[in-house]
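Undergrad: got a sequence here, can you build the structure:
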Amino acid sequence: MTIGRFSGALCTLSLLFITGLTLTGCGSDAARPDAHQPAPTASASASVEPVEGGPSSPDAQVIKVEKYGISFELPKGWTTLNLKNVVDSSNPVVKEIAGRMGTTPEQFLKTVGSSLQTFSVTDQGAVEGFLDNVNSVGMPGNFNDDQLKLQLATLGGSIGEFEHVSSPAGEVTRVPYTVTIKTVNVEAHEVMLVVDVGDAGVAIAVASHSAAEAEARADQIQASLKPINSPGA
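TA: Down below sits the predicted model:
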C-alpha cells in the first residue's frame, strides 16, 4: 500500500500521534513547549492572525487556513509550530506510523509537508505522556464516509460514529477516533472535522490525552468555522 488520494485525512491523524508524543520528549530531543517557554515560531504554511472582527472572545485566537478560505478558533495560549523543528524520519513513532501506512518515513514526511496547512499545540504541557494538538490539511476532490473510514482503519484503533452538520464555512463531517501507539504505549483520542469547501475538503483534527478534551476542542472549532477570502479568490 502507498499513500493515496485521501492522504490528507490519514496524514492529519498520523501527524497528531507523532507530534503529541515527540514534543513530550518521546523518541526525540525536541523541547516541549509549555506555558512558561515559547515554542518555535510559525511556518509559512500556518497563518495565525485575526480575521475581520477578531476572535469571538478575548481567550481565543483565529487560525486561518488561507489556501482553502476558512478559519477556526483555538485557545489564545496555543502555539503554532514549524513541523521541521519537531520530527524527522529517524523518529521511532514516525517509523511506526509510516509502517502502518505502508510507506517509508521519508515519504510520509514528504506527504505531510505538502498537505499541512496549520499545526498547533497546547500551552498546558503534556498530560499522561501526550501533548494536545490540532492540525489541518487539504484534501483534493470529493469524499464520503466510507472513504474516510477506510483511511482511518488503516491506522488501526477504534472509529466512532460519523456526524454531519452545517457551518458557515461549509458542510462538516465529524468522527471521533482512538488509537494506541505501541512504540511508547500511549493511547491518543482524536476528533476529525472534514469541511467540504466545494471541490476539496479541509481535514481539521484534534488530538488529546482524553476523549472529553478532544470533543471539547472539536466543539470550539466546529462552532467557530467561518469562510474567509482566500488568496486565489
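Undergrad: where along this structure do the strands fall?
TA: Secondary structure of the chain (DSSP state E): strands at 47-48, 60-65, 70-75, 79-80, 116-121, 133-140, 158-159, 163-167, 170-181, 186-196, 200-208, 226-227.
Undergrad: verify the contact between residue 106 and residue 91 for me.
TA: No: checked against C-beta atoms under 8 Å, the pair residue 106 and residue 91 is beyond contact range at 11.7 Å. In this view, the C-beta of every residue, glycine as well, is placed from N, C-alpha and C.
Undergrad: the two - which one has more neighbours?
TA: Between residue 106 and residue 91, counting by other C-beta atoms under 10 Å, residue 91 is the more crowded of the two (22 against 12).
Undergrad: residue 136 versus the more buried one, what's the distance?
TA: The gap separating residue 91 from residue 136 is 21 Å, by C-beta to C-beta, to the nearest Å.
Undergrad: same check on residue 160?
TA: Counting by C-beta to C-beta - residue 160 and residue 136 are separated by 20 Å.
Undergrad: who has more neighbours out of those two?
TA: Between residue 160 and residue 136, counting by other C-beta under 10 Å, residue 136 is the more crowded of the two (26 against 17).
Undergrad: in the sheet, who's paired with the more buried one?
TA: Listed by DSSP bridges, the beta-bridge partners for residue 136 are residue 118, residue 204.
Undergrad: hang on, residue 62 packs against residue 76?
TA: No: between residue 62 and residue 76 there is no contact under C-beta under 8 Å: 10.1 Å.
Undergrad: need the residues touching each of the two.
TA: Common contact partners of residue 62 and residue 76 (C-beta atoms under 8 Å, 6 or more residues apart in numbering): residue 55.
Undergrad: what about those two, which has more around it?
TA: Using other C-beta under 10 Å as the criterion, residue 62 and residue 76 rank with residue 62 on top: 21 against 12.
Undergrad: measure how buried residue 138 is and give me the count.
TA: Applying other C-beta under 10 Å, we find 18 residues neighbouring residue 138.
Undergrad: can you pull the pLDDT of it?
TA: Note for residue 138: predicted pLDDT of 85.
Undergrad: distance check, it against residue 201.
TA: From residue 138 over to residue 201 the distance is 8 Å, taken as C-beta to C-beta.
Undergrad: before we move on, what about residue 120?
TA: As defined by C-beta to C-beta, residue 120 lies at a distance of 19 Å from residue 201.
Undergrad: now do the residue nearest in space to the middle of the chain, the pLDDT please.
TA: Of all residues in the chain, the one closest to the mean position by C-alpha atoms, centre = their mean is residue 135, 2.3 Å from it. Looking at residue 135, its pLDDT stands at 89.
Undergrad: that one and residue 112 touch, don't they?
TA: No: counting by C-beta under 8 Å, residue 135 stays clear of residue 112, with 9.0 Å between them.
Undergrad: burial measure for residue 161, as a count.
TA: Using other C-beta under 10 Å, residue 161 has 7 other residues around it.
Undergrad: chain neighbours aside, what residue packs nearest to it?
TA: Nearest residue to residue 161 in three dimensions, chain neighbours excluded: residue 175, at 7.3 Å (C-beta to C-beta, 6 or more residues apart in numbering).
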